[in-house]
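*Asks:* Please work out how this folds:
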Amino acid sequence: EAEEEVYETINISKIKAQTPNLRVISLYGIFFVDDNHIEILASGCIHLECLALNFCTRVKGMSFKILLQRCKKLQTLLLQNTGIEDNAMLTAGWESSSINELDMSSTELTEDSFLNIFARMPKLTYLAVPNCDGFTDQVDI
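*Replies:* Sure thing, here's the model as predicted:
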C-alpha cells in the first residue's frame, strides 16, 4: 500500500476577509507561513493585538514594516525560532509601535541588531531572548 501524504492548508486570504476583528492570531509551527502571509493578515486584521509566529522558520521579518504600520494595536509579537534577519528587523518602525511583549528566543540576530531594535522600542515591558548568541553583555535594554 502506498502511503498518501495529507496536507492541510490555511487560506490566509479568507481569514483576513471573513474575520477582520481578530485580536489574537497564532500560526505556531506552520512551516509554510512566510512574510507574504503576514502582509496579507496585516492588510485586513488592523485590530490585531497579538501575533504568534513561533517556529514559522520561513518568516524573515520583511513584512514587519507593513505589519507595524497597519496594526497599530499590536502589543505582543512572538518570534521564537523564526528565521528573522538583521536587515529586515532594522527596517521595521519599532519606535512608533505599541509592542510591549517580544519573544525572539532562538533567533540568529546579531548584537548590533539587538542594540538597534531595543533602543527604538519605548514600550517594551517583556522580553524573551534565551538561546540567542547575539544577546551579549553589551546589549543594554
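
*Asks:* Pop out the phi and psi values for the residue lying closest to Ile30 once chain neighbours are set aside.
*Replies:* Spatial nearest neighbour of Ile30, excluding adjacent residues (Cβ to Cβ, 6 or more residues apart in numbering): Cys56 at 6.0 Å. From N, CA and C alone the C-beta is placed, and that goes for glycine too. With angles defined as degrees, to the nearest 10, Cys56 sits at phi -90, psi 80.

*Asks:* Just the helices from the protein, written as ranges.
*Replies:* With DSSP state H as the criterion, the chain has helices at 12-18, 35-44, 64-70, 86-91, 111-119.

*Asks:* what does the fourth one rub up against?
*Replies:* Counting by Cβ atoms under 8 Å, 6 or more residues apart in numbering, helix 86-91 makes contact with Asp35, Lys60, Gly61, Met62, Phe64, Lys65, Leu109, Thr110, Asp112, Ser113, Asn116, Ile117, all of which sit outside it.

*Asks:* okay if I get the helices of the chain as TSV plus distance to Val139?
*Replies:* What follows is these, written out as TSV (distance: least, Cβ to Cβ, whole Å):
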stretch	distance to Val139
helix 12-18	34
helix 35-44	25
helix 64-70	19
helix 86-91	14
helix 111-119	5
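
*Asks:* circling back: filter the contacts of helix 86-91 down to the buried ones and hand me the ChimeraX line.
*Replies:* To isolate the buried members of the contacts of helix 86-91 in ChimeraX, using 16 or more other Cβ atoms under 10 Å:
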select :35,60,61,62,64,65,109,110,113,116,117
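
*Asks:* Contacts only, for the closest residue in space to Gln69 that isn't next to it in sequence.
*Replies:* What sits nearest to Gln69 in space, not counting adjacent residues and going by Cβ to Cβ, 6+ apart, is Gly93, at 6.4 Å. For Gly93, the contact set (Cβ under 8 Å, 6+ apart) comprises Lys65, Leu68, Gln69.

*Asks:* which residues does the first one contact?
*Replies:* Shown in contact with Lys65 (Cβ under 8 Å, 6+ apart): Thr91, Ala92, Gly93.
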